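Asker: here's a sequence, model it:
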Amino acid sequence: MHAGKPIVLPGQTAATAKMPIVCTPLVGRTRDAVLAEVQQVAQKKPDLLEWRVDFFEGIGNHAEVIALASGIRNAAGGIPVLFTRRSIREGGEKIALDETAVLALYAAVMESRTIELIDYEMANDPAHIAQVRAQSNANGIQLVLSFHNFQATPTQAELCAKFTLAQSLGGDIAKVAVMPQRLEDVLTVLSATLESSQKLDIPLISMSMGAYGTLTRLFGWTCGSAMSFAVGAAASAPGQVPIEDLHAVLEILNKSFTPQK
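Answerer: Numbers count the residues shown, from 1 in each chain. Below is the predicted model:
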């Protein structure tokens with residue numbers, strides 16, 4: 001029992017897609033560190049890996065990034081990869097690349113077809129979003145359009161507007177992550193997700209961060225969030241829970257929601 005639409009990963013159909021999928025981040029700063037993370041995380045059976053390339057020291061070298069993306073794919077044993085450069089304004093690491101260089105990196109990685117999904121922030125220039133959209137379409141890569149606020153939780157109307165904007169900009173998936181200041185903020189995120197999941201045509205990802213936000217990571221999918229992020233080796237945002245704990249909770253809730261024969 002859940003609202004919303006699932007994210008369909010390679011080899012799946014809408015009928016066989018999981019809800020939610022479990023994603024674990026890779027945040028190593030060197031090639032060896034990233035590949036060690038993959039080895040540690042893959043055995044815990046996430047549905048998706050997110051490579052946070054803004055942590056990677058070699059981000060400025062296209063060949064090095066593509067080679068490592070290929071290495072991640074080989075080491076992951078078939079687990080799809082979401083490629084993300086998180087900007088510093090939305091909680092990412094400081095990098096030496098300007099946006100033109102980031103766009104060139106994105107184009108090179110998508111053309112290499114070593115990833116399955118790519119994240120780009122909807123606060124970027126609409127022309128840049130359109131460029132990434134065209135390249136992801138050309139290479140068969142799903143585009144996640146995202147919004148992050150590490151200071152506060154906007155109103156329900158504002159969050160719904162972000163989901164709607166992602167769809168209007170051509171995103172395959174819309175993502176919103178915000179910081180709660182009180183428990184009521186968590187309810188705002190869940191309500192916005194439920195409302196938007198009933199109106200929009202694309203899958204949604206939503207979460208509150210921090211301690212309060214753990215609630216959304218555990219059962220946000222019941223309100224329409226199609227993905228939850230969990231710690232495999234190291235966290236990429238506050239409030240992520242260990243993947244083992246998330247799997248246990250999902251198993252309990254799915255069992256409870258399954259009609260008894």
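Asker: going forward, measure contacts and count neighbours with C-alpha atoms only.
Answerer: Fine.
Asker: give me the element residue 170 is part of.
Answerer: Assigned by DSSP states H and E, residue 170 belongs to no helix or strand.
Asker: what about it, distance to residue 195?
Answerer: 20 Å (Cα to Cα, to the nearest Å).
Asker: and for residue 85?
Answerer: 29 Å.
Asker: who has more neighbours out of the two?
Answerer: Higher neighbour count among residue 85 and residue 195: residue 85, with 22 against 18, using other Cα atoms under 10 Å.
Asker: what sits against the more buried one?
Answerer: Applying Cα atoms under 8 Å, 6 or more residues apart in numbering, we find residue 85 in contact with 52-54, 92, 119-120.
Asker: give the buried residues for whichever strand or helix holds residue 36.
Answerer: Element membership for residue 36 (DSSP H and E) is helix 31-42. Buried residues in helix 31-42, counted by 16 or more other Cα atoms under 10 Å: 31, 34-38, 41-42.
Asker: next secondary structure after that helix?
Answerer: Counting by DSSP H and E, the element after helix 31-42 in chain order, helix or strand, is strand 48-52.
Asker: quick one: contacts of that following strand?
Answerer: With contacts defined as Cα under 8 Å, 6+ apart, strand 48-52 is touched by 21-27, 79-86.
Asker: can you pull the buried residues of the helix or strand that contains residue 193?
Answerer: Assessed by DSSP H and E, residue 193 sits inside helix 183-197. Buried positions in helix 183-197, judged by neighbour count with 16+ other Cα under 10 Å: 185-197.
Asker: same question for stretch 143-160.
Answerer: Quick answer for stretch 143-160 (16+ other Cα under 10 Å): 143-150, 152-154, 156, 159-160.
Asker: where do the helices sit along the stretch 1-150 of the chain?
Answerer: 31-42, 62-76, 99-112, 126-138 (DSSP state H, counting those that start in this stretch).
Asker: in JSON lines, list those along with distance to residue 203 and mean pLDDT.
Answerer: Below are those laid out as JSON lines (distance: least, Cα to Cα, whole Å; pLDDT from 0 to 100):
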{"stretch": "helix 31-42", "distance to residue 203": "24", "mean pLDDT": "95"}
{"stretch": "helix 62-76", "distance to residue 203": "24", "mean pLDDT": "97"}
{"stretch": "helix 99-112", "distance to residue 203": "21", "mean pLDDT": "98"}
{"stretch": "helix 126-138", "distance to residue 203": "16", "mean pLDDT": "98"}
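Asker: turn the ones you listed into CSV, including distance to residue 11.
Answerer: Formatted as CSV, those follow (distance: least, Cα to Cα, whole Å):
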stretch, distance to residue 11
helix 31-42, 18
helix 62-76, 15
helix 99-112, 19
helix 126-138, 18
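Asker: out of the ones you listed, which is closest to residue 207?
Answerer: With Cα to Cα, the closest approach to residue 207 among these belongs to helix 31-42: 21.6 Å.
Asker: return the list of helices and strands in contact with the closest one.
Answerer: Applying 3 or more Cα pairs under 8 Å, 6 or more residues apart in numbering; DSSP states H and E, one finds that helix 31-42 contacts strand 21-26, helix 62-76.
Asker: looking at these, which is buried most?
Answerer: Most buried of the helices and strands packed on helix 31-42, by mean neighbour count (mean count of other Cα atoms under 10 Å): strand 21-26, with a mean of 25.
Asker: and that strand, what does it pack against?
Answerer: Short answer (3+ Cα pairs under 8 Å, 6+ apart): strand 21-26 packs on helix 31-42, strand 48-52, strand 227-231.
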